[in-house]
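**Q** got a sequence here, can you model it:
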Amino acid sequence: MSGSSASPVRLPRLTRNILALGLLLGLLETLQQYAGNALRDVTVPFTQVAFGTFVPWLLLLPLLPPVVHLAGRWPVDQDRWRRNLGPHIAAMLLLVVTHQVLVALAYEVFPPPPTASFGLLLTKLITFRFAVDALVYWGIVGAVHAARATREAHEREQAAARLEASLAEARLAVLREQLRPHFLFNSLNAVSTLALRGDAEAVT
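**A** Down below sits the predicted model:
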């Protein structure tokens, strides 16, 4: 799958913001799950809740910068979305499968061990977490597209301002060139008038 001919968008600030948002979402989901257990009088240690909800978000974070990069290489604007939709769908599916494989491996390694087999666990994770991962992927694509559009609009405004300044300078230069002959003609006319009057002192 080849990317578009457009140069990639460098968005380190956006990448940092996306990673920070991922951490925040993981923390909020962990607190929500823990509070929900408390309201139902279900006693689950906070560390176990955090492992079940926060760790999947942590494992998702290393996969997000490549998504930002791909979103920059494959724009989804009006002219290129049909060509780049296929690569984005393939990348989204790869993100979902890779993320959930990492989560299943983490659940296999750290206690409490899962009761289901690895294959069944992976199938359940992909089934229940597919929508979340897909929303994350397309949310990043949308954020990169918005950042690209904002940057291009800013560049167009700067180009228009530079063009307007250049036009103003050109008009001023033309005006100066138009004034110089008039100034010279008026000066010569004044000298000629003084000379005809015999005012040699004023002419000199």
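**Q** tally of neighbours for residue 90?
**A** Per other Cβ atoms under 10 Å, the neighbour tally for residue 90 reads 11. Bear in mind the C-beta positions are built from the backbone N, C-alpha and C, glycine included.
**Q** again with residue 34
**A** Residue 34 is flanked by 18 other residues according to other Cβ under 10 Å.
**Q** name the element it belongs to?
**A** Using DSSP states H and E, the secondary-structure element containing residue 34 is helix 12-39.
**Q** so how far is residue 123 from residue 129?
**A** 11 Å (Cβ to Cβ, to the nearest Å).
**Q** these two: which has the busier surroundings?
**A** residue 129 (17 against 14).
**Q** is it true that the more buried one touches residue 95?
**A** No: Residue 129 lies out of contact with residue 95 (Cβ atoms under 8 Å); the separation is 11.0 Å.
**Q** returning to that earlier point: go through the helix holding residue 34 and flag the buried ones.
**A** 14-15, 18-19, 22, 25-26, 29-30, 33-34, 37 (16 or more other Cβ atoms under 10 Å).
**Q** and the residue nearest the centre of this protein?
**A** Central residue of the chain (Cα atoms, centre = their mean): residue 144, 3.2 Å from the mean position.
**Q** just the pLDDT for it.
**A** You'll see residue 144 listed with a pLDDT of 88.
**Q** ditto for residue 179
**A** 58.
**Q** can you pull out the helices in this structure?
**A** Ranges of helices in the chain, per DSSP state H, are 12-39, 46-60, 64-73, 81-109, 118-197, 200-203.
**Q** and the fourth one, what does it pack against?
**A** When contacts are defined as 3 or more Cβ pairs under 8 Å, 6 or more residues apart in numbering; DSSP states H and E, helix 81-109 sits against helix 46-60, helix 64-73, helix 118-197.
**Q** let's go with 6 Å and repeat that
**A** helix 46-60, helix 118-197 (3 or more Cβ pairs under 6 Å, 6 or more residues apart in numbering; DSSP states H and E).
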